[in-house]
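Participant: next input, structure requested:
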Amino acid sequence: MTVKFEKSVLSGEVSAPPSKSVAHRLLILAALTGGRCKVDNLDYSEDVLAMLDCLKALGASVKTDGSSAEIDGSGFLSDPASDLYCRESGNTLRFMIPLCLTAGRRITLHGSERLMERPQSVYEDLCRENGFLYEKGSGCVSVCGRLSAPEYKMSGSISSQFITGMIFALLSLEGERKIRVSEPFESRSYVELTAAAVGEFGGKITIEPSGSETVITVAGKSLSPQNVSVEGDYSNAAFLEAFNCVGGSVKVNGLSSRSVQGDRVYREYFPKLVSGCPTLDIADCPDLGPILMALGALLNGCTLTGTRRLAMKESDRGNAMSEELKKFGLGILLGKNEITVPKRALSRPSVPLGGHNDHRIVMALSVMCCVLGGEIEGAEAVRKTYPRFFEDIKSLGAKVGLI
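Facilitator: Down below sits the predicted model:
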């Protein structure tokens, strides 16, 4: 899908889309209660649909009605299927692997080529150290084992998704178990998001520093059935409120002031981009990388640190944004863990921009195209987490249409 933008200034009110990260956590936890739960305010993005497919494959009963899903976990993990299909969802793959390692049977997880290229070394190490099967195939990975140890050591330097995945698996087991996370513990806020979700179901986990490690203690079988609702998503709301930095007046409703979502930090970062050329650390909020680069290019420039993990996302986001910003006439400096976006006059691209099959690249470029005009190929990538993105910005005055 190719979309074409003309210059436009956005204004009005819009509801934040439901948080995919929160939705994934609540859906898994609902299944883990072993009872009946209702999860409200769901947006059936590609990633959420992948999660629902995998929960059903692991034995949960799922009934959807509008924006709600009823989850019956009475059969969850009792007789799992031998194949799970994760589509392009990194959350789904990394959350499912440890749950599969509670079954004691071989289970194969399938996904897109790019998904299977993303690092899984934390789980490879876990399986090797515990004598479990971890076998890569073409577009898939197979695992077999049964988690039973009282504690596990895991690296925190690659992705917090591995830690959250283990928390889910240990919640399914009897007794108390520990995860020892080595430093640096990147994206820790996402584990805190997991802890908050566990708390909604009455579960018990603690996260405490211990010397050079962080120790997470998980009380197994501590969840109880609840009816819950998915909160608004700060990660996607950032792309809507970004228009306020370039002359717009957009109000995003439905965001919780009590949220522990790490990407809420954009509300601190955006004013700094407007007022100067800041240095911003995104080690704990890598999903903000594309929109921060886009705004830096449109405003006063910026330097982003903690950028190493951008290469591990749906695309190599540093290189992807560098490639697209060149079409606006801007070269950026890419370091191993730092990106510098200089201040420079931009022009409307004379060739189409590429979406790189990455929803956050498409949305970041959309903000730029509303300022300068342009075309984006591969714009359908927004379906991954925010299917209504183009409808929402059109309601705010974006001059955008299909070619």
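
Participant: which stretches of the stretch 301-403 of the chain form strands?
Facilitator: 302-305, 333-334, 338-341, 353-354, 374-377, 399-402 (DSSP state E, counting those that start in this stretch).

Participant: could you pull out the buried residues of the first one?
Facilitator: Residues of strand 302-305 classed as buried: C302, T303, L304 (neighbour count, 16 or more other Cβ atoms under 10 Å). In short, each C-beta sits where N, CA and C put it, glycine included.

Participant: quick one: residues contacting the residue nearest to L170 when sequence neighbours are not counted.
Facilitator: Excluding the flanking residues, the one nearest L170 by Cβ to Cβ, 6 or more residues apart in numbering is V218, at 4.2 Å. Going by Cβ atoms under 8 Å, 6 or more residues apart in numbering, V218 touches I167, L170, L171, E176, R177, K178, I179, K204, I205.

Participant: now, the most widely separated pair of the residues you listed?
Facilitator: Greatest spatial distance among the contacts of V218 (Cβ to Cβ): I179 and K204, at 14.1 Å.

Participant: looking at the two, which is more packed in?
Facilitator: More neighbours surround I179 than the other of I179 and K204, with 23 against 15 (other Cβ atoms under 10 Å).

Participant: which of the three states applies to that one?
Facilitator: strand (DSSP: H, G, I helix; E, B strand; the rest coil).

Participant: which residues are in contact with it?
Facilitator: Applying Cβ under 8 Å, 6+ apart, the residues contacting I179 are E151, Y152, K153, M154, I163, M166, I167, L170, V215, I216, V218.

Participant: kindly report the same for D233.
Facilitator: A16, P17, P18, S19, K20, S21, V22, Q261, T385.

Participant: can you do 10 Å?
Facilitator: 16-23, 43, 252, 254-255, 259, 261, 263, 385-386 (Cβ atoms under 10 Å, 6 or more residues apart in numbering).

Participant: leaving out the residues flanking it, which one is nearest to it?
Facilitator: S19 is the one closest to D233 (Cβ to Cβ, 6+ apart), at 3.7 Å.

Participant: neighbours of that neighbour, how many?
Facilitator: Other residues close to S19 by other Cβ under 10 Å number 27.

Participant: end-to-end on stretch 88-106?
Facilitator: 22 Å (Cα to Cα, to the nearest Å).

Participant: ditto for stretch 215-228
Facilitator: 28 Å.

Participant: what are the buried residues along it?
Facilitator: Under the neighbour-count criterion of 16+ other Cβ under 10 Å, stretch 215-228 has I216, V218, A219, G220, S222, L223, P225, Q226, V228 buried.

Participant: so where's the stretch 151-300 of the chain uncertain?
Facilitator: Nowhere does the stretch 151-300 of the chain drop to pLDDT under 70.

Participant: where exactly do the helices run in it?
Facilitator: 160-171, 188-200, 234-241, 266-275, 289-298 (DSSP state H, counting those that start in this stretch).

Participant: may I see the buried residues of the last one?
Facilitator: Across helix 289-298, burial judged by 16+ other Cβ under 10 Å covers G289, P290, I291, L292, M293, A294, L295, G296, A297, L298.

Participant: as a markdown table, the residues you listed with distance to K136 would be great.
Facilitator: Putting the buried residues of helix 289-298 into a markdown table (distance: Cβ to Cβ, whole Å) gives the following:
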| residue | distance to K136 |
| --- | --- |
| G289 | 28 |
| P290 | 29 |
| I291 | 33 |
| L292 | 34 |
| M293 | 32 |
| A294 | 35 |
| L295 | 38 |
| G296 | 37 |
| A297 | 38 |
| L298 | 41 |
